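S.K.: I'll drop the sequence and a predicted model, then ask my questions.
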Amino acid sequence: MSDELHEAGMRLRREVLGDEHVDRAISRTTQFTAPFQDYITRAAWGSVWTRPGLDRRTRSAVTLSVLTALGREREIEMHVEAALRNGLTAAEISEVLLHTAVYAGVPAANSAFAIAQRVIDGQRKEEQR
């Protein structure tokens, strides 16, 4: 695969997830995990997130919904932060999670709401500093 695809993916990954998160992921990369890091940078970020068919706000909403439905709590926190960075408001995130509750179930959405609330509260505290 081209270096261009990796570079585009890394650039977008940093814009959406933040330098701190990406730097932390890269610093923990081992010989064993390097192929996976390369894969997600190229496939998720370089091939899918860079497509023109959906804007970043919509992609964040879809991602939060899917992660909630699948119960991927460790990923929800990161993607709530990304959704805020991509311009979703706390109220919009709440609507995404409420909508997901109807189709994916209340327990999944309940966990996602708790995680999102912690992230949103943390962001507000940061903004007040």
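M.R.: Nice, thanks for sending it over.

S.K.: using the three-state scheme, assign residue 87.
M.R.: Assigned with DSSP: H, G, I helix; E, B strand; the rest coil, residue 87 falls in the coil class.

S.K.: pLDDT below threshold where in this protein?
M.R.: Scanning the chain for pLDDT under 70 picks out 1-2.

S.K.: grab the nearest non-local neighbour of the residue minimising distance to the centre of it.
M.R.: With distances taken as CA atoms, centre = their mean, residue 79 lies nearest the centre of the chain, 2.6 Å away. Distance criterion CB to CB, 6 or more residues apart in numbering; nearest residue to residue 79, sequence neighbours excluded, is residue 63 at 5.1 Å. (Glycine included, C-beta is placed from N, CA and C.)

S.K.: and for that neighbour, the neighbour number?
M.R.: 23 (other CB atoms under 10 Å).

S.K.: spit out the contact partners of it.
M.R.: Counting by CB atoms under 8 Å, 6 or more residues apart in numbering, residue 63 touches 79, 82, 83.

S.K.: using the three-state scheme, assign residue 99.
M.R.: Of the three states, residue 99 takes helix under three-state DSSP.

S.K.: that one contacts residue 65, doesn't it?
M.R.: Yes. Look at residue 99 against residue 65 with CB atoms under 8 Å: they come within range, at 7.1 Å.

S.K.: the more surrounded of the two?
M.R.: When residue 99 and residue 65 are compared for neighbours, residue 65 comes out ahead with 18 against 14, by other CB under 10 Å.
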